[in-house]
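Engineer: No sequence on hand, only this structure:
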């Protein structure tokens with residue numbers, strides 16, 4: 001079974017103690033701990049595709065100029081471009097990159113000069129949410 005091509009659901013079923021005995025219990029325990037330790041990123045780490053890129057040295061140097069790992073920098077660049085093209089939402093971007101809060105995503109977008117997608121429907125939703133909050137008196 002190729003783990004990188006499986007979903008976590010398939011792994012959970014394959015790792016059931018009744019299916020694999022002691023090995024199954026061990027894998028099941030590891031998966032539970034991974035979900036606890038890495039709740040936001042666990043969903044995507046096991047289902048990632050591996051891609052090999054041949055990058056010119058100049059581009060590699062640019063991507064790692066801040067001291068960041070080249071694989072992580074490439075993942076962020078691709079994910080940011082998908083967000084810029086509206087192929088993924090801010091929530092999906094947060095999960096893909098393993099961030100815990102949307103503020104982390106907003107900071108990443110700001111650092112890379114990418115505007116937050118916020119339209120009139122979002123404004124109306126926020127306005128209604130604000131209107132439903134109880135007023136606090138001083």
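Structural biologist: Ah, there it is. Note that the structure is a prediction, hence the values are computed from the model and not measured.

Engineer: give me the low-pLDDT residue ranges for the chain?
Structural biologist: The model of the chain has pLDDT under 70 over residues 1-48, 138.

Engineer: For it, which segments count as helices?
Structural biologist: For the chain, applying DSSP state H gives helices covering 8-14, 17-37, 42-45, 57-63, 70-84, 90-97, 102-111, 120-131.

Engineer: any idea how the chain splits into domains?
Structural biologist: 3-45, 57-123 (automatic domain parsing).

Engineer: For the last one, measure first residue to last.
Structural biologist: Meaning domain 57-123. 44 Å (CA to CA, to the nearest Å).

Engineer: Skip the chain neighbours and tell me the closest residue to residue 99.
Structural biologist: residue 105 (5.6 Å; CB to CB, 6 or more residues apart in numbering). C-beta here means a position set from N, CA and C on the backbone, and glycine is covered the same way.

Engineer: check contacts around that neighbour.
Structural biologist: Contacts of residue 105 were listed using CB atoms under 8 Å, 6 or more residues apart in numbering, and they are 90, 93-94, 97, 99.

Engineer: just residue 89 next, same as before
Structural biologist: So residue 89 contacts 83, 117 (CB under 8 Å, 6+ apart).

Engineer: Residue 102 too?
Structural biologist: 90-91, 94.

Engineer: Dump the residues you listed to JSON lines, plus neighbour count and distance to residue 80.
Structural biologist: Formatted as JSON lines, the contacts of residue 102 follow (neighbours: other CB atoms under 10 Å; distance: CB to CB, whole Å):
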{"residue": "90", "neighbour count": "16", "distance to residue 80": "11"}
{"residue": "91", "neighbour count": "10", "distance to residue 80": "15"}
{"residue": "94", "neighbour count": "22", "distance to residue 80": "12"}
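
Engineer: which one of those residues is nearest residue 76?
Structural biologist: Lowest distance from residue 76 to the contacts of residue 102 (CB to CB) belongs to residue 94, with 12.2 Å.

Engineer: Name all residues that make contact with the closest one.
Structural biologist: Taking CB under 8 Å, 6+ apart as the test, what residue 94 contacts is 40, 101-102, 104-105.
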